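Enquirer: Sharing a model prediction with you, sequence too.
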Amino acid sequence: MKQLIEFRVNGERYEAAVEPNRTLLEVLWEDLGLTGTKMGCNSGECGACTVLLDGMAVCSCLTLAVEAQGKDILSIEGLSSNGKLHPVQQAFIDHHAVQCGYCTPGMIMSAKALLDKNPDPTEDEVRSALQGNLCRCTGYVKIVEAILAAKEKMKV
Amino acid sequence: MADFSVVGKGVPRVDSLEKVTGKAEFPITFRLPHMLHGKVVRSPHPHARIISIDTSKAERLPGVKVVVTAKNTPRIRLGALYRDRDAFPPDLTVRYVGDAVAAVAAETEDIAEEAAVLVKVKYEELPAVFDTEEAFRTDPPAVVHPELANYECRFERMGIRRRLDPERPNVCDHFKVRQGDVGKGFQEADLIVENRYFTPRIQHCQLEPCASVAWFESDGTLRLVTTGQGAHVTQAEIGEAFNLPPSKVRVECHYLGGAFGGKGRNITEPYAVLLSMKAGGRPVRVCFTRDEHFVCGRSRVPVVTYIKDGVKRDGTIVARELRILVDMGAYADSAIMIVRACAFGPMGIYKTANFKLDSYGVYTNTPMSAPFRGFGNAETLWAVENQMDMIAEKLGLDAVEVRKRNFLKDGERYAFGQIVRSIGIEECLDKAQKWIEWDKKPVQEGSWKRGKGIALGCKGTQTGFPSSALVKVHPDGSVEVRHSSQEIGMGVDTVVAQIAAESFGISMDSVRVVSGDTATCPYGYAPVSSRETFHMGNAVLAACEDAKRELFEVASPKLGVPIELLETRDRKVCVKGQPGKEVRIPLLFRPPGVGYALAKCEIIGKSTFEVPLIPEDPETGQSERQVSSYGYGAQAVEVAVDVETGEVRVLRSVGCFDGGTAINPKMCETQIEGGVGMGIGAALYEELLISEKGETLNPNFRDYKIPTAEDMPNNANVVAMLAPAPHPEGPFGAKGLGEQVMIPYAPAVSNAIYNAVGVRIKELPITPDKILKALKEKKKHFHISQLGKGSS
């Protein structure tokens, strides 16, 4: 039987009636039309579905929608504000950290979660924070470079 | 290279903004109102006859709209070369664990999954064969396609002949190359080195699984939004399968979430279309789960390579013989092209007066294979590049030196007869060995043993396939390019924009690129074979010239000068050598800036570029032109091996590649870096394991490991370099790059491991258990040989 839940996504308040077994990823896609978050494996192993739940990076494919009750969710669509890109997004563009782009939203959200918690990570710490985000195109080189560049911009 | 404004610069990609904001559309998130969800019912047996299919329970489940089997649908014939596969087997025989038996469409994915389980199929199991070499035998344990000789061969009318072996019932193709006399060459050799090598089944692991949405319009036009690699190829093949002309099929795929050769040829499309047909044209979505994608989304051909080299004392190869078994899996589909394509790697780098190659396509009762970045060349060059090091060691020569002594040069001929043009391999090798300090032995630190290794790679882009472009000049002076390729991540949209911007003398902002829609984009072959920069680049260049000619025809009377004196710059038509004598492009339209171009209606240029295939001699493989261009590269690595655990870490890595002129050097760098990621996976971790019942044991990211950010060396230790050898026929001298970047990686690692600890693993992946076993064997032989010495 459906449950009525209430939560905030990218600063906006939403209400949805969901079955208890629906995932947050499904609700973002089907109910809210927010398809920026991607599905790669649906079992929490690839990180393509990473969103922030009350500031913490989680796999939205493993998060039940009902768990979002009363919580704040940030997805890739909510990262830029007033048409201005987040420094991590801009760095991904400037440093050629994007190829097919499928892992990109998840990568950027994990990077944001890291930099929010640790504004000055070492390269090893960046790699460690990304270990749950798989990429098949880039070899991670420019992704790591972009995040390290973004952190410098954000320090200023 | 001359100084260009946009070409040759590392400008930002045109698709990055959409991708970093999540706005980029991928087929997997495409939705339509009233869309149904489809699931395929699959065989749990590797080889069996279907006795009965009971769909009644599934049909009665609330929410189920359609259930299809071979019984209630027309025959849907598939298969790139042989029609060896239907959507559902017409001879009621399933041939691998995962083979499609039925499909259901329901209101939700959950209901569809439940319905799929309710479809009851009774099977009679048959003997199965899983091992490539066992299947190759004259008396294999099972024959996968007993009717093979009677299958329709799709391209017979194009002169591509069926090449079966009457003695070997599982062989579906045989490609031969003969040059000189290897028997004589082996007699003249001072040393013979002969070995067997193996590359396993690995999966592309594109982050986006296969997905298709199919629906029919009121006039019967079929619409598809799908992950099919190559929108026009999908349009043609699905059209043919469903008896629809291309004008009645529209295929769209704006961006693909990774392809690497594995998303072509009717993977999810036939089932989405069948279900939609049965549901009265209602949209149906078929999307693979990750497990399903590992098994049914195609995987790299397992390849066994037997190689025998005859060499002189100075390291020159006098004879080289290869016998290659390429495992198709249960159905050949596009994997059959690899039988021929994999031969071009071994022929691409080194010269041999005497060369013999036999490559066979072999059926087994395992999941379907497909091209995987490299198209068979990573598999065969795995053998060749290990051999080169072994040859060097046995002769007491340097591995780099031995390679150099055998390099082909411009103007010489490949073993298949084509003349060499543009081969930058020597410079690639020089730069790579310099960076890794090849002459200096690695410093040993701690219990891990270090070693350096080098290997080379190449990839020949196949001829015989076209690319097309339409170029429109808008009334505001901006330029729109509609091209036949597809942005699968390699950056073709950006390369196209750069070439158009350069041609018109405008900024990147003034260029719009449209691709991936058969309704608006001209026909071309799929984005495969590292072909697009060369072929699409040339098509775009020519289409731009065509558009400019139309523009000049309008401008010439206005400026009062002949067309030959005109050029474009900054949205103006200018007279060469007469600054100030120009007309703004918007003024060539009526009304200015919005309307039509005087007598010309719209300004549209068009062009198709193709390098015609010259079919090879069936007995010798000889042909003047099989390859449009060859890309080259060298990979040098330093590894550390833990002799206690067998673990291997790549410490430093340099790749230097020749893709001809780099249209966008930054994007070329990112390709090389991506090749490192995939290369480490192929070398050390990846293998799809098939049980003795034909089941795939590790179809998920937990048990099939691809490299994470922590498995790569730090950025300071991963270097990407370019050594371009411009090609006379390439746009601005460019060639292809996307595949050769991963090809040398596994043999470079293997050679480095040998140099570190003295063991050579000939079957990928090089896992810790194999290293430990080899080290143990080595120790045993050493003791035995020492005992022998002591006793005299």
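Expert: Ah, there it is.

Enquirer: Domain map for the chain?
Expert: Using chain A. According to automatic domain parsing, chain A comprises the domains A:3-76, A:87-155.

Enquirer: Not quite, go with chain B.
Expert: B:31-126+B:210-287, B:128-200+B:300-407, B:423-461+B:628-792, B:465-609.

Enquirer: what about those, which gets the closest to B:Gly8?
Expert: domain B:423-461+B:628-792 (6.7 Å; C-beta to C-beta). Glycine gets a C-beta too; all of them are placed from N, C-alpha and C.

Enquirer: now the chain, which segments are flagged as low pLDDT?
Expert: The chain I'm using is chain A. Per-residue confidence of chain A (counting by pLDDT under 70) places no residue in a weak region.

Enquirer: Actually, chain B is the one I wanted.
Expert: Within chain B, the stretches falling below the threshold (pLDDT under 70) are B:1-2, B:156-160, B:788-792.

Enquirer: Stretch A:51-58 near chain B at all?
Expert: No - no part of stretch A:51-58 sits near chain B under the criterion C-beta under 8 Å from any C-beta of the partner chain; the closest distance found is 10.7 Å.

Enquirer: hang on, the earlier thing: reformat the domains of chain A as CSV; add mean neighbour count.
Expert: CSV is the format used below for these (neighbours: other C-beta atoms under 10 Å in any protein chain shown):
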stretch, mean neighbour count
domain A:3-76, 19
domain A:87-155, 23
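
Enquirer: got a markdown table for these, with distance to B:Pro466 too?
Expert: Compiled in a markdown table, the domains of chain A are given as follows (distance: least, C-beta to C-beta, whole Å):
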| stretch | distance to B:Pro466 |
| --- | --- |
| domain A:3-76 | 33 |
| domain A:87-155 | 24 |
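
Enquirer: Need the domains of chain B in JSON lines (columns: distance to chain A and mean neighbour count).
Expert: Formatted as JSON lines, the entries for these read as follows, by distance: least, C-beta to the nearest C-beta, whole Å; neighbours: other C-beta atoms under 10 Å in any protein chain shown:
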{"stretch": "domain B:31-126+B:210-287", "distance to chain A": "3", "mean neighbour count": "21"}
{"stretch": "domain B:128-200+B:300-407", "distance to chain A": "10", "mean neighbour count": "21"}
{"stretch": "domain B:423-461+B:628-792", "distance to chain A": "3", "mean neighbour count": "21"}
{"stretch": "domain B:465-609", "distance to chain A": "3", "mean neighbour count": "21"}
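
Enquirer: Between these, which one is closest to A:Lys84.
Expert: domain B:465-609 (18.7 Å).

Enquirer: Can you check the distance spanned by that closest one, start to finish?
Expert: Using C-alpha to C-alpha, to the nearest Å, the gap from the first to the last residue of domain B:465-609 comes to 9 Å.

Enquirer: residues in contact with whichever residue of chain A sits closest to chain B?
Expert: Residue nearest to chain B within chain A: A:Gly36 (2.1 Å; C-beta to the nearest C-beta). When contacts are counted by C-beta atoms under 8 Å, 6 or more residues apart in numbering or on different chains, A:Gly36 is found next to A:Ser75, A:Ile76, A:Glu77, A:Pro105, B:Thr21, B:Gly22, B:Lys23.

Enquirer: I'd guessed the fourth one sits against B:Glu18; true?
Expert: Okay, so that is A:Pro105. No - in terms of C-beta atoms under 8 Å, A:Pro105 does not count as a neighbour of B:Glu18; the distance is 11.2 Å.

Enquirer: Check chain B for the residue nearest chain A and tell me.
Expert: Taking C-beta to the nearest C-beta as the measure, the point where chain B comes nearest chain A is B:Gly22, at 2.1 Å.

Enquirer: need the strands for chain A, in chain order.
Expert: Ranges of strands in chain A, per DSSP state E, are A:3-9, A:12-18, A:50-53, A:56-59, A:72-74.

Enquirer: would you list every one of the helices in chain A?
Expert: If you assign secondary structure with DSSP state H, the helices in chain A sit at A:24-26, A:87-94, A:104-117, A:123-129, A:141-155.

Enquirer: can you redo those helices as JSON lines with distance to B:Ser247?
Expert: JSON lines is the format used below for the helices of chain A (distance: least, C-beta to C-beta, whole Å):
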{"stretch": "helix A:24-26", "distance to B:Ser247": "37"}
{"stretch": "helix A:87-94", "distance to B:Ser247": "39"}
{"stretch": "helix A:104-117", "distance to B:Ser247": "36"}
{"stretch": "helix A:123-129", "distance to B:Ser247": "51"}
{"stretch": "helix A:141-155", "distance to B:Ser247": "42"}
